[in-house]
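*Asks:* Could you look at this predicted model? Sequence included:
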Amino acid sequence: MRKKRILFICRHNNGRSQIAEAYLKKFAGEELEVESGGFEPAEKVNPLVVEVMKEEGIDLSDKKPQKVFQLFKESNLYDHVITVCEESEGECPVFPGITKRWSCPFPDPAAVEGAPEERIAKVREIRDMIKNWLLYPAEGTFSFKALIEK
C-alpha cells in the first residue's frame, strides 16, 4: 500500500513548515512521506528554529529550504497539503491528484522581537504550538494519527 504524502507550506520554508515537517517525521516514523516547501524559500532555516528544535533532539542545521513550485513542477502527488501561515493560503498551487487542503496558521518565528532570551522563548512557544497541534488535533482538522491508523 502506498504511503500517504504530506506537504507543509509557509512563505520562506525556514520556520513553521520546517518545524511541522520535522515533528511529523518524528511522530509518524516510516508511516508517512513528509516534505515542506515555501513560495520564497530562505537560504537557510531560521537559526532560532534550529536552536529550539535541537532542544527536542531534532537537527535542522543542514536542512535546506525548498521552493514549493519546484515540487509542483515535478508533478509530486500529495494526499494532504497544509499551509501553516495565513499569507500563503491564497498562493498555494493546486497539486495534481486528489489532495485534501488544510490551513493551520501559526505565528512567524522570523517576526519575533525583543532581547535574545525573549526571542528564543517566543520561538519555543511557536514550536510547542505546532507540536501540540500535531499531537492533539481539534476534531475535523488534519490528524496524522487518523492516517496511520487506517
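*Replies:* Structure received. Numbers count the residues shown, from 1 in each chain.
*Asks:* Residue most distant from the centroid, this structure?
*Replies:* Taking CA atoms, centre = their mean, the residue of the chain most remote from its mean C-alpha position is Ala115, at 26.1 Å.
*Asks:* got the residue ranges for the helices in the protein?
*Replies:* 16-28, 47-54, 68-73, 116-135, 144-149 (DSSP state H).
*Asks:* For Gly37, which of these is the nearest?
*Replies:* helix 68-73 (3.4 Å; CB to CB). Using the backbone N, CA and C atoms, a C-beta is placed for each residue, glycine as well.
*Asks:* still on that earlier bit, ok, the residue farthest from the centre of the chain to Lys122 distance?
*Replies:* 11 Å (CB to CB, to the nearest Å).
*Asks:* Check Val112 too.
*Replies:* According to CB to CB, Val112 and Lys122 sit 4 Å apart.
*Asks:* just Glu113 next, same as before
*Replies:* Noted for Glu113: a distance of 8 Å to Lys122, by CB to CB.
*Asks:* Pick out whichever of these two has more residues nearby.
*Replies:* Lys122 (18 against 7; other CB atoms under 10 Å).
*Asks:* Once you drop chain neighbours, what's closest to Phe144?
*Replies:* The spatially closest residue to Phe144, leaving aside those adjacent along the chain, is Ala28, at 5.3 Å (CB to CB, 6 or more residues apart in numbering).
*Asks:* residue closest to the middle of the protein?
*Replies:* With distances taken as CA atoms, centre = their mean, the residue of the chain nearest its centroid is Ser17 (2.4 Å).
*Asks:* which residues does it contact?
*Replies:* Each residue near Ser17 by CB atoms under 8 Å, 6 or more residues apart in numbering is listed here: 8-10, 36-38, 84-85.
*Asks:* Turn the residues you listed into JSON lines, columns for distance to Val50.
*Replies:* Formatted as JSON lines, the contacts of Ser17 follow (distance: CB to CB, whole Å):
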{"residue": "Phe8", "distance to Val50": "17"}
{"residue": "Ile9", "distance to Val50": "20"}
{"residue": "Cys10", "distance to Val50": "16"}
{"residue": "Ser36", "distance to Val50": "14"}
{"residue": "Gly37", "distance to Val50": "18"}
{"residue": "Gly38", "distance to Val50": "16"}
{"residue": "Val84", "distance to Val50": "17"}
{"residue": "Cys85", "distance to Val50": "19"}
